[in-house]
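[1] okay, sequence plus prediction incoming.
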Amino acid sequence: MNDTFPAAGDLRHLVGDLRRKSARLSTLNDFALQLMRIPTGDKLVWYVARSVVGRLGFDDCVVYLIDPEREMLRQVAAIGNKNPRDDEIANALEIAVGNGITGAVAQSMQAIVVDDVRKDSRYISDVGEACSEICVPLVVDGRAVGVIDCEGSRPGQFGSDDLELLTTVAAMTSAKLQLIEQARRDEERAAEIQRAADTMKREISQRRKLEEQLLKVQRLYAHTESLAGLGHWEYDEIEERFLAASAEMARLHGYSVEDFLGKMRSLAADIERVHPLDREYFAASVQEFKRNPKRTVLEYKLLCHTGDTLDVREIWEPVLDAVGTLVRSVGVMQDISERKFAERKLRESEARLKAAAKIAKLGYFAWDLIEDKCTFYSQECARIHGVTVADYMAEPPSTADDMKWLHPDDRERYQAAAEASLRLQEPLDIEYRIIRKDDEIRHLHENEVLYFDAAGRAFRSEGVVQDITDIKLAEERLHQAQKMEAVGQLTGGVAHDFNNLLAVIQGHAELMAERGAGGLDPATLVKFTGVIMRATKRGAELTQRLLAFSRQQPLCPEAIDLAGLVRDLSEFVGCSLGETISLETQAPADLWPAMADPGQVEVALLNLALNARDAMPAGGILRIECDNAVLDEQDVARIPDARVGDYVMLAVTDTGQGMSQAVLERVFEPFFTTKEIGEGSGLGLSMVYGFTKQSGGHVAVCTEVGVGTTVRLYLPRSAVAAEKGRGVDAKILPRGKGETILLIEDDPDVRTLT
């Protein structure tokens, strides 16, 4: 029995040993299970160090990993007496592979147990002293990657069981490090594969985008070629055949691309595609291009396969080999038919414009306002000023030089208008006179447009000038004719008044002649004399009015009292209206002074009154009103060509027949009249309109058929006060002192009376 079963003491020792091994196996199993869950190497080394000390019963544990580039062992985790903080390395010791006990294990990849480190010269002291040490290598794929190092506080502390246990832990740790490394590599490889896949996708996407962009560019280029009528081609100069042609090139010839390349033989051979008038020029261009290859541009008429004729512009570009021989040529052809048509129309238009300008005596000029010099001066401008273009432009004049042409009386007005045009950034529209070198005075009408930059500075001007001397003379004659027409229309009413005046004078003179001076008592003589004097004075006033209307004089604006003028003229107007028409006048006491020619105002008022009379054949009321008027933006919107400002209004209203819309649209046209032939010239209202506009005013007409018409003249307000009344104050006549007076008079009765 004793040979078969161990003793009791041995059995207890065996059972204890089995229990310890079972406990270690359980701990290792749990260690292994937890180990497999750790994802990274950093967490792994700390887990191993804590498990070796905490679970397996070692006093302390240090884990080293090898830096392969430097071949150094570096502490990455430490637990126990040497590192009580248990969260970071207290002494990050580094040991070269091969140095010390730890370095020897890393180099040999063999575990070492040292019972007494004090007797081992390889020992390298760390934090505190140790008596025993056990080191096992961490090996992955046959190479050392680290060391697990445990030290003991007494000699011979580590036995074979400790070595076996730590070797097992090291093996498990090495396996996990290998798995982590493999996972890292797999992740890197997967990431690399993913990056490669992403790169490939991007390249494929970019290639597709490039292909799409290329297709869009090709379509856009083809569309652009079609819109521009521009085709391109490539030609083999050696084999004398077309190598390529765009769709637009083929279309210009009336072919498809295939037909063009199949039927077009060569540049020279297919000369029949060129219009007969251009073939000689085209053939010479081809020969010159072959003889002296260089960029060639030519324009000719192309005969299309469809029978159409196009104006084309073609550019040839040579392609030379290394020795300078012409081997290929490329070119473009563009349809310029529309441009050629436009050029022909432009030349025709320019010719017509020049002819019209010459007929209208219209000159064109342009100025560089920065350099202050004339940049263009037409032939008609030179003719108007009595110089030649060459002489005028030989030394480009400045604006100050050009002012010397102006008539002295017009310089100040022109300068003010030019400054206003510059200040308001509006076109200049003005009439003025010049004195030419031959001392001839000419009337000109100028329209000038200014061009401004972003800063509001005028940098260029263009304008036209017209010689209106003949027109001015014609206008003067026209105004005189209109005055005479007005006088003629007055004769009916004035003749009746004159007959009455003459009857009074003649009757009283006959009574005085019959009775003799002695037959009349003084009272009767004074009475007769007074009646005769009043009649003659009235006749003199009528005569003076007629002379004023018929005189020739230029427009002389001055500040006038419009209410006084209407009051003075009302008796003269009233005598021409007839007994069936009542005359009414109205004006406010605070009426502003107007700036106008008083004689022209009288003529205008008389014309309006006569038109009103003719519009009331059955009688009615003629009302003449004066008032102050301020025209704002809304007002000028209703009155053509009106401007905002202060005006004095003169309105003539009748209760007559009114005007239709058709008549109203033409009411200011010269020579337009609704009267019978021989009864009116149609110049009255046109003269009124012209005078008012020339005075800087405006005209407005309000009419209704069957109700009547109102014509309003808006004359500019004067900045200075007007003199009340227009008559000449009576003066005390000087008395003679025995002087002799020579009297010349062709009428004997007047001479005798005087």
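    Good, I have the coordinates. Numbering: from 1, shown residues only.
[2] biggest helix in the chain by residues?
    In terms of residue count, the longest helix belonging to the chain (DSSP state H) is helix 160-228.
[3] mind giving me the packing neighbours of that one?
    In terms of contacts (3 or more Cβ pairs under 8 Å, 6 or more residues apart in numbering; DSSP states H and E), helix 160-228 is packed against helix 8-37, helix 41-54, strand 132-140, strand 143-152, strand 230-236, helix 247-253. All C-beta atoms are positioned from the backbone trio N, CA, C, and that covers glycine.
[4] now mean neighbour count and mean pLDDT too, for those, in JSON lines please.
    Listed next are these as JSON lines, based on neighbours: other Cβ atoms under 10 Å; pLDDT from 0 to 100:
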{"stretch": "helix 8-37", "mean neighbour count": "12", "mean pLDDT": "65"}
{"stretch": "helix 41-54", "mean neighbour count": "20", "mean pLDDT": "81"}
{"stretch": "strand 132-140", "mean neighbour count": "24", "mean pLDDT": "90"}
{"stretch": "strand 143-152", "mean neighbour count": "24", "mean pLDDT": "89"}
{"stretch": "strand 230-236", "mean neighbour count": "19", "mean pLDDT": "85"}
{"stretch": "helix 247-253", "mean neighbour count": "21", "mean pLDDT": "84"}
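[5] nearest to residue 274, out of the ones you listed?
    Of all those, helix 247-253 sits nearest to residue 274, with 11.4 Å by Cβ to Cβ.
[6] quick one: mean pLDDT for the following helix or strand past the closest one?
    The element immediately downstream of helix 247-253 (helix or strand, assigned by DSSP states H and E) is helix 257-263. The pLDDT scores in helix 257-263 average 82.
[7] would JSON lines of the helices and strands packed on helix 160-228 with distance to residue 327 be doable?
    Compiled in JSON lines, these are given as follows (distance: least, Cβ to Cβ, whole Å):
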{"stretch": "helix 8-37", "distance to residue 327": "76"}
{"stretch": "helix 41-54", "distance to residue 327": "69"}
{"stretch": "strand 132-140", "distance to residue 327": "68"}
{"stretch": "strand 143-152", "distance to residue 327": "67"}
{"stretch": "strand 230-236", "distance to residue 327": "8"}
{"stretch": "helix 247-253", "distance to residue 327": "21"}
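[8] any idea which of these gets closest to residue 200?
    Nearest of the helices and strands packed on helix 160-228 (Cβ to Cβ): helix 41-54, 32.0 Å.
[9] the inter-axis angle of that closest one versus strand 132-140?
    With axes from the mean of the first three to the mean of the last three Cα atoms, to 10 degrees as the basis, helix 41-54 and strand 132-140 are set at 150 degrees to each other.
[10] packing partners for the helix or strand encompassing residue 298?
    Element membership for residue 298 (DSSP H and E) is strand 296-303. Strand 296-303 sits against helix 279-291, strand 309-320, with contacts defined as 3+ Cβ pairs under 8 Å, 6+ apart.
[11] which parts of the first one are buried?
    Just to be clear, that refers to helix 279-291. 282, 285, 286, 289 (16 or more other Cβ atoms under 10 Å).
[12] I'd say the second one and residue 298 touch.
    What it means is residue 285. Yes. The pair residue 285 / residue 298 is scored as a contact, 5.1 Å apart, by Cβ atoms under 8 Å.
[13] assign residue 79 to helix, strand or coil.
    With DSSP: H, G, I helix; E, B strand; the rest coil as the basis, the three-state label of residue 79 is strand.
[14] next, count neighbours for it.
    25 (other Cβ atoms under 10 Å).
[15] who's in contact with it?
    Applying Cβ atoms under 8 Å, 6 or more residues apart in numbering to residue 79 gives the contacts 46, 49, 50, 52, 53, 54, 60, 61, 86.
[16] ok, residue 301 to residue 336 distance?
    Going from residue 301 to residue 336 by Cβ to Cβ, to the nearest Å gives 10 Å.
[17] ugh, wrong one, I meant residue 558
    From residue 558 to residue 336 the distance is 64 Å (Cβ to Cβ).
[18] now do residue 186
    Taken as Cβ to Cβ, the span from residue 186 to residue 336 is 69 Å.
[19] then residue 412?
    In terms of Cβ to Cβ, residue 412 sits 54 Å off from residue 336.
[20] more neighbours, these two?
    More neighbours surround residue 336 than the other of residue 412 and residue 336, with 19 against 10 (other Cβ under 10 Å).
[21] wait, the more buried one sits on residue 313?
    Yes. In this structure, residue 336 is within contact of residue 313 by Cβ under 8 Å, at 4.9 Å.
[22] what is in contact with the two at once?
    residue 299.
[23] tell me how many other residues crowd residue 717.
    Neighbours around residue 717, by other Cβ under 10 Å: 18.
[24] contacts only, for the closest residue in space to it that isn't next to it in sequence.
    Nearest residue to residue 717, sequence neighbours excluded (Cβ to Cβ, 6 or more residues apart in numbering): residue 646, at 4.0 Å. Residue 646 makes contact with 592, 628, 629, 630, 716, 717 under the criterion Cβ under 8 Å, 6+ apart.
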